[in-house]
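**Student:** One predicted model, sequence on top.
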Amino acid sequence: MLKPKIEDALNAQLNEEQTAAQEYLAMTAWFEQRNLRGFASFMRAQAEEERQHALKIFDHIFDRSGHVQLKSIAEPASDFDSPRAVFEAAYEREKGNTKSIHALYRLAGENDDYATQAMLQWFITEQVEEERWAEEAVGLLDVAADNRSALLMLDARYGAKAAEEGA
Ligand SMILES: [Fe+2]
Ligand SMILES: [Fe+2]
């Protein structure tokens, strides 16, 4: 049985994951509109991953005989100055996610909810990966700067990455 405090925090994290999915879908649209379809498919894959994260928490709440409370999802930003700005926003989002996962892990510990802590361990490992790709992409787009051929090369590279991970 979940303590109400933990149940609330899990429902809040469920909403965070759904918000992240919505943001990545908005980023997908931004790239699609500019025919940068490699980056678009990479972001689409991220949106799908976040949806899976939300479902993991959804299932955990039910596994523990809790109540899922779906909340409204905030409208995502859809206007970005550059591909780099999109990935910078993704990096900020992932750093925020890491923080909220860590806070939830701490809260579960304080409340002797070891099952929730065990479930969250997967997320803690996942966030290391999530921050890494976002930071790397910002770095690579810095290297590309205003060079359009470099940008197109990176677009192809991220498209291949998405295809690889989807396979
Ligand atoms: Fe996530
Ligand atoms: Fe993520």
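**Tutor:** Ah, there it is. Ligands and ions are numbered 1, 2, ... in the order given.

**Student:** got the residue ranges for the helices in the chain?
**Tutor:** 4-33, 37-63, 83-110, 114-144, 148-166 (DSSP state H).

**Student:** residues of the first one that come out buried?
**Tutor:** Burial within helix 4-33, assessed by neighbour count using 16 or more other C-beta atoms under 10 Å, is assigned to 6-7, 9-11, 13-28, 30-31. (Each C-beta comes from the backbone N, C-alpha and C, glycine too.)

**Student:** separation between Ala26 and Arg93?
**Tutor:** Going from Ala26 to Arg93 by C-beta to C-beta, to the nearest Å gives 11 Å.

**Student:** Can you get me a residue count around whichever residue of the chain sits closest to ligand 1?
**Tutor:** Here the chain gets closest to ligand 1 at one residue, His53, 3.6 Å apart by C-beta to the ion. His53 is flanked by 23 other residues according to other C-beta atoms under 10 Å.

**Student:** Make 36 the starting number, not 1.
**Tutor:** Done: numbering now begins at 36, and the last item shifts to His88.

**Student:** That one against Glu52, yeah?
**Tutor:** Yes: counting by C-beta atoms under 8 Å, Glu52 is a contact partner of His88 at 4.2 Å.

**Student:** Quick one: name the residues of the chain near ligand 1.
**Tutor:** Selection of the chain residues close to ligand 1 by C-beta under 5 Å from the ion yields 52, 85, 88.

**Student:** returning to that earlier point: JSON lines for the helices of the chain, including mean pLDDT?
**Tutor:** Below are these laid out as JSON lines (pLDDT from 0 to 100):
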{"stretch": "helix 39-68", "mean pLDDT": "98"}
{"stretch": "helix 72-98", "mean pLDDT": "98"}
{"stretch": "helix 118-145", "mean pLDDT": "98"}
{"stretch": "helix 149-179", "mean pLDDT": "98"}
{"stretch": "helix 183-201", "mean pLDDT": "95"}
